[in-house]
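Asker: no sequence for this one, just the structure:
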C-alpha cells in the first residue's frame, strides 16, 4: 500500500456508456456483502434505463486512479416530510480494497455533501451493515450519527403485490 499513498485520484460523474463499469463494481460490492451473485437480478440494461437516461432515478460518481475506475458512489434524492426539504440518500459507496485508505471515501462524501448543499437538502443519509465495523468507525470519525432507534424496513418485490391485496 505504501506505493499508493501518494496516488492522486479524481472524483467525477459517471457518463452514459459506462454502465458496464458500474455493473462490475456493484457486483464486487455485493460479493463483499456476502450476496449470492448468481441470483442477483441486476443487469447492465437496468442500470442504463434507470441511471443514464433523460430522467434518472439515481446518479453515480466514479473515483479514478490513472484513468482506471476504482470506486463509486450511487445516490438519489428523496424528501423529508417533517423537515420540508430534500434528502440526498447514498445507496452505495464502494472503493476497491487496494485503493482504500487514500481518502477516496472521504472525497466521495465531501462531493455528495456539496451536492446536498446545492440542492438545499436537510441531510445526507445512508445505511451501514452492523457487521461492517471498519465503515462504522469511519462514519463516526467524520461525524456520522448512527440511529440505534431506527430499523431499516424493506418490502421486496415479491411482497409488493401481496400488500396491495390487504
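Answerer: Structure's in. What do you need? Note that the structure is a prediction, hence the values are computed from the model and not measured.
Asker: I figured residue 77 hits residue 123, correct?
Answerer: No. Under the contact definition of CB atoms under 8 Å, residue 77 does not touch residue 123, with a separation of 11.5 Å. Where you see a C-beta, it was placed from the backbone N, CA and C, and this is true even at glycine.
Asker: so what sits against both of those two?
Answerer: Taking CB atoms under 8 Å, 6 or more residues apart in numbering as the contact rule, the neighbours common to residue 77 and residue 123 are 87, 88.
Asker: below-threshold pLDDT in this protein: ranges please.
Answerer: Scanning the chain for pLDDT under 70 picks out the ranges 1-6.
Asker: grab the longest strand from it for me.
Answerer: Using DSSP state E to define each element, the chain has its longest strand at strand 68-80.
Asker: all strands for this structure, in order.
Answerer: According to DSSP E, the strands that the chain contains are 10-13, 59-65, 68-80, 85-95, 123-125.
Asker: so which residue is smack in the middle of this protein?
Answerer: For the chain, the residue sitting closest to the mean C-alpha position, by CA atoms, centre = their mean, is residue 92 at 1.9 Å.
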